[in-house]
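**Student:** sequence first, then the predicted structure, then my questions.
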Amino acid sequence: MLPALLGARDVNIPAVFEYLSQAMRHGWRPAETEFDRIHDRVPDSLRSEAEALAEFLKKEKAAESLRLAAFEPLLKGGNESRGRTIFFGNKVACSVCHRIGDQGGSVGPDLTKVGTIRAGRDLIESIVYPSSTFAQGYESYFALLKDGRDASGTLVRQGSDVLVLRDSSGMDQLFRNEDVSQLQRRATSLMPEGLESAMTADEFRDLLAYLQSLR
């Protein structure tokens, strides 16, 4: 939505800014340079809201940074084998959404080589704050149907006639575009927060060891 804000006509800026503001308050974190561009683009009528949002982000990022730092010692000393059992087990059910090799689901990004492309702190952040960043192609969407039903999931396909969303169970839901009254990108990830709380510190350590070993 950032390009939409930067290219929007003035009449559309409040709506786009409101969407980005809600996304940030629900966990999405723009890069510092991106927020500066957002801040510079808003009109004077939204200046106080932009300043308040900047202060909110400053406090949130400081708190999040401290929390992530507290987990960093868990990046060492884990057992990869036990971590694999946790990944494919039922306690946190990582494999329901994520694939490693030919095992696992396809709701979230493929993690077969995640140890190569993500640093240890990034792995912690993706578990503790799953809405902070979205892997390309795995953004979450919400669809409102004309008959009152709704659906959410990652966008698998949107053609001229049909819309396909993949829900958190991995099931693809197909809708005719003519039956959809609204489609919005959500500010929060399908991946739930709090997974680290479902594990002991040693289990989290083992899971991180396994993820770091995937190369």
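**Tutor:** Cool, the structure landed.

**Student:** CA atoms for contacts and neighbours, from now on please.
**Tutor:** Fine.

**Student:** tell me the pLDDT at residue 111?
**Tutor:** Reported pLDDT at residue 111 in the predicted model: 97.

**Student:** so that it lines up with my notes, have the first residue be 57 from now on.
**Tutor:** Sure, I'll start counting at 57 from here, so that last one is residue 167.

**Student:** what sits against it?
**Tutor:** The neighbourhood of residue 167, defined by CA atoms under 8 Å, 6 or more residues apart in numbering, consists of 154, 155, 156, 267, 270.

**Student:** from residue 250, how far out is it?
**Tutor:** Computed as CA to CA, to the nearest Å, the residue 167 to residue 250 distance reads 20 Å.

**Student:** the longest strand along the chain: partners in the sheet, and parallel or antiparallel?
**Tutor:** For the chain, the longest strand by residue count, based on DSSP state E, is strand 206-214. The partner list of strand 206-214 in its sheet, established with DSSP bridges, is strand 196-201 (antiparallel), strand 218-222 (antiparallel).

**Student:** this protein: helices as residue ranges?
**Tutor:** Counting by DSSP state H, the chain has helices at residues 58-63, 69-81, 88-97, 103-127, 136-144, 170-173, 176-184, 257-269.

**Student:** closest one to residue 236 among the ones you listed?
**Tutor:** Nearest to residue 236, of all the helices of the chain, is helix 69-81, at 20.5 Å by CA to CA.
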